[in-house]
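Peer 1: Let me see the structure of the following:
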Amino acid sequence: MALNHKTIIALEALGYYKPTGVQEKVIPLILQGENLIVRSQTGTGKTAAFGIGLIELLDAERDKKALVLAPTRELAVQISEELKGIAKEHHHKIVVVYGGQKIDIQMRELRKGVDILIATPGRLVDHSERGTVDLTEYNIVVLDEADEMLDMGFKDEMDKIMRHIPEQRIVLLFSATLDELILELASHYIKGPAETLELGEKERVQNIKEDFVQVSRRKKFSNLKRILGQGEYKKVLIFMSTKRGVDYLYERLKESGYKAEGIHGDLSQARRERVMNSFKAGKTHILVASDVAARGIHVEDIELIVNYDEAQDADTHLHRVGRTGRMGKEGRAVTFIESGEEEDKDRNKEDHPDFRWMKGGGDMRGPPRGERRGPRPGSSSRDRRKRPRAHEKGGRRNYGPAKKNRRR
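Peer 2: The predicted model follows:
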């Protein structure tokens, strides 16, 4: 590819010797200054692909500056780390800005000068409105995981940002899917012709073994422990559909002796970084995550994915499963399919969680308001019949014996 020898030195230090399919196709086109629309699965090396291309372009043309937009703070940080590794011998100034970090710290970094700015859309708009970032200086824009940015509702912020970028610009759009919305977005943001590349399969990669387990809700946890016991997994990623579910499951795993942590959108940035660093370093073996938080998780050696809750759609399922089996390695995924019929049958059993509150265990407040099942403990249909009031004919309150009898 005729890369700069400084880039080659940095790549060898990172352990990169042979380009992936995405890198082989994308890097030469970036070096030619082409606009790109690329569909590629996660784990194919696209970050290094546009990272190498950007650094080589900035070396050749010193008047250029690059902006990389990412949907989540975790992804922005990981892009920053990878690009700093590739640019180590070039000494390009790389800055990352995202929500959840004190803006004063970011402002000080921005004042020192920037060659490559990596940002989440919301925080970048904030900096632009404060005047700490001049978007007219950036003539190369990378939209990483563009479909995720749309799904997360960043369309307005992206539009604001692109309106300030000069008309003469290079746009590199990367997405796991290329539907009508993405192509319409590309047509608005890209000025002039663009090369469209669809790399890799649209389905899950062949080196991922996926199993589907039909199970009732109350048996999920015991099945999860059985699956975890089938191998010595060092990195397991478990998906839940809610933040509350994340907290519940990782705490229960910890109580069972597993090295587990949870991550979701309500955690502080410092806590999220601690959890992610612990997972990457192997100190935490199991990470329970919501879909929003997991969009920024790019860890190369995740051995097992568990969909404890099913994904909302096929694309989300594909993104989840794609977190394993990365860079050609083998991976495994397990998806729990809730069995409604078995669940209804289980509700007749005394040990079902819905009845635990009746026995004094679990949540003593009982089931949620409006969802009480069956009669109250100790009551019967006869007890619930309307009794006559004291003032009604024939009605008498049963307060026990009369006062004169009690005095006797």
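Peer 1: C-alpha from now on. contacts and neighbour counts both.
Peer 2: Noted.
Peer 1: Looks to me like residue 185 is in a strand.
Peer 2: No - assessed with DSSP: H, G, I helix; E, B strand; the rest coil, residue 185 is helix; it does not lie in a strand.
Peer 1: how close does it get to residue 168?
Peer 2: Residue 185 sits 18 Å away from residue 168, going by Cα to Cα, to the nearest Å.
Peer 1: ditto for residue 33
Peer 2: Taken as Cα to Cα, the span from residue 33 to residue 168 is 11 Å.
Peer 1: Same check on residue 253?
Peer 2: Distance from residue 253 to residue 168, by Cα to Cα: 53 Å.
Peer 1: With neighbour numbers in mind, choose between these two.
Peer 2: Using other Cα atoms under 10 Å as the criterion, residue 253 and residue 168 rank with residue 253 on top: 18 against 12.
Peer 1: My guess is the more buried one contacts residue 246. True?
Peer 2: No - assessed by Cα atoms under 8 Å, residue 253 is found out of contact with residue 246, at 10.7 Å.
Peer 1: Would you mind listing the residues touching both of these two?
Peer 2: Listed contacts common to residue 253 and residue 246 are nil; contacts here mean Cα atoms under 8 Å, 6 or more residues apart in numbering.
Peer 1: How many residues are close by residue 255?
Peer 2: 11.
Peer 1: actually residue 16, not the one I wrote
Peer 2: 13.
Peer 1: Give the helix, strand or coil label for it.
Peer 2: coil.
Peer 1: how close does it sit to residue 329?
Peer 2: 15 Å.
Peer 1: now do residue 138
Peer 2: 37 Å.
Peer 1: who's more crowded, the two?
Peer 2: residue 138 (22 against 14).
Peer 1: wait, that one sits on residue 68?
Peer 2: No - counting by Cα under 8 Å, residue 138 does not reach residue 68; the two are 10.0 Å apart.
Peer 1: Mutual contacts of the two, please.
Peer 2: Joint contacts of residue 138 and residue 68 (Cα under 8 Å, 6+ apart) do not exist.
Peer 1: Chain neighbours aside, what residue packs nearest to residue 9?
Peer 2: Excluding the flanking residues, the one nearest residue 9 by Cα to Cα, 6 or more residues apart in numbering is residue 89, at 7.7 Å.
Peer 1: Checking my notes, that neighbour in a helix, right?
Peer 2: No - secondary structure of residue 89 (three-state DSSP): coil, not part of a helix.
Peer 1: and it, what are its phi and psi?
Peer 2: phi -90, psi -10 (degrees, to the nearest 10).
Peer 1: And residue 179, by the same measure?
Peer 2: phi -100, psi -170.
Peer 1: What's the local residue count around it?
Peer 2: 10.
Peer 1: How about residue 34?
Peer 2: 18.
Peer 1: Make sure it is actually in contact with residue 190.
Peer 2: No - counting by Cα under 8 Å, residue 34 does not reach residue 190; the two are 10.5 Å apart.
Peer 1: any common contacting residues for those two?
Peer 2: In contact with both residue 34 and residue 190: residue 170, using Cα under 8 Å, 6+ apart.
Peer 1: Look up the residues forming beta bridges with residue 69.
Peer 2: With DSSP bridges as the criterion, residue 69 is bridged to residue 119, residue 143.
Peer 1: so what pLDDT did it get?
Peer 2: Reading off the confidence values, residue 69 has pLDDT 97.
Peer 1: likewise residue 350?
Peer 2: Residue 350 is given a pLDDT of 53.
Peer 1: So for residue 76, what's the nearest residue that isn't a sequence neighbour?
Peer 2: residue 70 (5.6 Å).
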